[in-house]
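Enquirer: 3D model of this:
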Amino acid sequence: MSSVQDYITSNKERFLEELMDLLRIPSVSADPSFKQDVHRAADYVKSQLEKSGVDYAEICPTDGYPIVYAEKIIDPKAPTVLIYGHYDVQPADPYELWESPPFEPVIKTTDIHPDGAIFARGSADDKGQFYMHIKALEAMTSLGDLSCNVKFMIEGEEEVGSENLDRFVRSNKEKLKADVVLISDTSMIAMEHPSVTVGLRGLAYLQVEVTGPNRDLHSGTYGGAVANPINILCKMIASLQDEDNRISIPGFYDKVENYDKEYREELNKAPFEEKDYRKKLEIAETWGEKGFTTIERVGIRPTLDVNGIWGGYIGEGAKTVLPSKAYAKISMRLVPHQDHKEIAKLFEQHFISLAPPAVKVKVIPHHGGQPAVVPTDSAGYFAAEAAIEEAFGKKAIPTREGGSIPITSLFQQELKLDPILMGFGLDTDSIHSPNEHYGVKNYLLGIETIALFFKHFKNQFEKANS
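Expert: All right, here's what the predicted structure looks like:
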């Protein structure tokens with residue numbers, strides 16, 4: 001047993017309780033009613049960083065929620081690892097679908113997590129994952145094993161598009177100067193098949209509003225004579241994809257890369273059982289763009305999805321109303337070379353063109369992020385590969401993930417660093433959904449693997465610069 005393993009084992013209960021204290025704070029950045037809680041989470045993160053051994057920590061105000069910055073410099077000549085994470089979480093709605101309250105964390109065993117999983121909003125995305133880095137720092141400093149300088153940048157607006165992060169990064173390039181960025185906000189294929197994410201899709205997120213008459217109308221008096229905005233909106237949305245589930249927005253695929261047969265075959269070698277995938281989701285079949293496998297659909301192909309739709313009367317009982325307005329939230333996951341601002345503009349132009357004269361349409365952009373691809377021949381990637389192999393006993397598999405982390409491309413552009421996406425969550429952890437959870441074993445083994453990354457990164461860095 002390594003000394004880091006011993007330290008984790010000796011402090012297991014405290015490590016879990018500290019995380020659960022953080023999970024009890026409902027830091028929902030999308031809902032202004034949780035504003036004080038978001039700030040409270042930032043304060044907690046700063047205090048825990050200080051307790052874990054950093055030399056300096058501060059809360060950096062932004063025009064939105066603050067960024068927690070901290071650092072520990074052991075030697076100016078040593079390599080520096082910059083840690084990124086986010087302390088804000090998704091809304092927990094619908095609350096009635098949670099088996100236990102979303103901000104009252106509990107540990108329960110599951111088929112996938114026989115050692116237990118922490119059920120709470122933010123457990124896997126991203127409180128449980130970034131908190132591993134704080135505990136890894138504590139273990140390394142307590143044992144005198146810290147081999148690299150370390151900096152932390154933990155933000156509070158990732159779930160609402162990281163609107164103020166660009167400005168902070170551009171204004172603090174010297175402060176954030178590092179040799180590698182390490183992010184744990186992604187997932188692995190499975191505990192039996194550890195992986196490192198080497199590609200993320202981008203995101204364009206919009207809200208649409210369709211307006212018909214100047215007020216809600218009686219559906220008997222006016223139905224059939226006046227356009228119903230909900231009916232119109234449904235037709236417009238349905239037309240955004242054809243019978244092969246290909247997106248019909250003109251120009252949408254102009255910059256999408258068409259990979260050759262060899263690359264696609266290599267991508268599909270990742271462990272994946274379609275039958276198990278369907279069983280876990282309780283679906284009869286998968287669904288998506290014709291001509292592509294499930295792995296390809298979530299890794300190298302763009303998508304368009306309705307994330308919410310509403311209008312008219314949605315209360316108990318019946319109300320025969322013809323609504324004045326209808327709304328929908330629509331997101332598009334983007335692949336390399338697709339610019340989220342350009343795609344949002346193409347969507348807006350096309351969606352407005354779909355509307356008949358009987359209604360008016362408004363498109364409101366919310367937030368977005370650029371797609372990113374990470375090279376697999378860097379010192380950081382080799383260090384992640386070696387750390388995972390030492391901790392898990394298996395070689396890491398490079399994978400592309402369907403989610404988006406806008407900061408990834410920002411780091412590449414502004415700091416000239418390729419982030420290492422070494423996440424420990426699983427696709428079955430229900431992030432963004434009721435009953436989100438994070439495996440206890442994932443959490444503790446993640447702490448160990450992060451400590452190993454520091455050791456291997458120092459070796460890889462020195463080798464690359466010798």
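
Enquirer: low-scoring stretches of the stretch 101-250 of the chain, by residue?
Expert: Scanning the stretch 101-250 of the chain for pLDDT under 70 picks out no residues.

Enquirer: For it, which segments are assigned as strands?
Expert: 106-108, 117-119, 149-155, 180-183, 187-188, 195-200, 202-211, 217-218 (DSSP state E, counting those that start in this stretch).

Enquirer: repeat for the stretch 251-400 of the chain
Expert: 303-311, 321-322, 325-334, 360-369, 372-373, 397-401.

Enquirer: would you turn these into TSV with distance to residue 62 and mean neighbour count?
Expert: Yep, even glycine has a C-beta here, placed from its N, CA and C like the rest. Shown next, in TSV, are those (distance: least, CB to CB, whole Å; neighbours: other CB atoms under 10 Å):
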stretch	distance to residue 62	mean neighbour count
strand 303-311	26	15
strand 321-322	42	20
strand 325-334	24	21
strand 360-369	15	17
strand 372-373	22	21
strand 397-401	27	20
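
Enquirer: most packed of the strands of the stretch 101-250 of the chain?
Expert: Mean neighbour count (mean count of other CB atoms under 10 Å) peaks for strand 117-119 among those, with a mean of 27.

Enquirer: Could you list every helix and strand in contact with it?
Expert: Contacts defined by 3 or more CB pairs under 8 Å, 6 or more residues apart in numbering; DSSP states H and E place strand 117-119 against helix 12-23, strand 106-108, strand 437-439, helix 440-464.

Enquirer: closest to residue 416 out of the ones you listed?
Expert: helix 440-464 (15.3 Å; CB to CB).

Enquirer: Next, the buried residues of the closest one.
Expert: Within helix 440-464, the residues scored as buried using 16 or more other CB atoms under 10 Å are 440, 442-458, 460-461.

Enquirer: I'd like to know which of the strands of the stretch 251-400 of the chain lies nearest to residue 417.
Expert: Of the strands of the stretch 251-400 of the chain, nearest to residue 417 by CB to CB is strand 372-373, at 11.6 Å.

Enquirer: in its sheet, what does that closest one sit against?
Expert: strand 195-200 (antiparallel) (DSSP bridges).

Enquirer: Any chance you could list what contacts the partner strand?
Expert: For strand 195-200, contacts defined as CB atoms under 8 Å, 6 or more residues apart in numbering pick out 186-189, 270, 299-300, 336, 371-376, 381, 384-385, 388, 396-401, 403-405, 408, 420-423.

Enquirer: tell me the mean pLDDT for stretch 251-266?
Expert: Per-residue pLDDT over stretch 251-266 has a mean of 94.

Enquirer: In CSV, list the C-alpha atoms belonging to it.
Expert: Extracted as CSV, the C-alpha positions of stretch 251-266 are listed here (Å, rounded to 0.1, in the frame of the first residue of the first chain):
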residue,chain,number,x,y,z
GLY,A,251,-25.4,25.4,-43.6
PHE,A,252,-25.5,23.5,-40.3
TYR,A,253,-23.2,20.7,-41.5
ASP,A,254,-20.8,22.8,-43.7
LYS,A,255,-17.9,22.5,-41.2
VAL,A,256,-18.6,19.1,-39.8
GLU,A,257,-15.7,16.7,-40.3
ASN,A,258,-16.5,13.4,-42.1
TYR,A,259,-14.2,10.9,-40.6
ASP,A,260,-12.8,8.0,-42.6
LYS,A,261,-13.7,4.4,-42.1
GLU,A,262,-10.5,3.5,-40.2
TYR,A,263,-11.1,6.3,-37.6
ARG,A,264,-14.7,5.3,-37.1
GLU,A,265,-13.7,1.6,-36.7
GLU,A,266,-11.1,2.6,-34.1
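
Enquirer: Residue 35 belongs to a helix, doesn't it?
Expert: Yes - judged by DSSP: H, G, I helix; E, B strand; the rest coil, residue 35 forms part of a helix.

Enquirer: just to revisit the earlier point, out of the strands of the stretch 101-250 of the chain, the one nearest residue 225 is which?
Expert: The closest of the strands of the stretch 101-250 of the chain to residue 225 is strand 217-218. By CB to CB, the value is 9.4 Å.

Enquirer: what's the spacing between that closest one and its chain's center?
Expert: Once both centres are worked out by CA atoms, centre = their mean, to the nearest Å, strand 217-218 turns out to sit 42 Å from its chain's centre.

Enquirer: ok, back up a step: could you dump the strands of the stretch 101-250 of the chain to a markdown table with distance to residue 99?
Expert: What follows is the strands of the stretch 101-250 of the chain, written out as a markdown table (distance: least, CB to CB, whole Å):
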| stretch | distance to residue 99 |
| --- | --- |
| strand 106-108 | 8 |
| strand 117-119 | 7 |
| strand 149-155 | 29 |
| strand 180-183 | 30 |
| strand 187-188 | 21 |
| strand 195-200 | 28 |
| strand 202-211 | 29 |
| strand 217-218 | 42 |
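
Enquirer: Which of these sits closest to residue 356?
Expert: When the strands of the stretch 101-250 of the chain are compared by CB to CB, strand 202-211 sits nearest residue 356, at 10.2 Å.

Enquirer: Indicate each strand paired with the closest one and its parallel or antiparallel sense.
Expert: Strand pairing for strand 202-211, determined by DSSP bridges: strand 325-334 (antiparallel), strand 360-369 (antiparallel).

Enquirer: Take those strands and lay them out in TSV including distance to residue 436 and mean pLDDT.
Expert: As requested, the strands paired with strand 202-211 are exported to TSV (distance: least, CB to CB, whole Å; pLDDT from 0 to 100):
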stretch	distance to residue 436	mean pLDDT
strand 325-334	19	97
strand 360-369	21	93
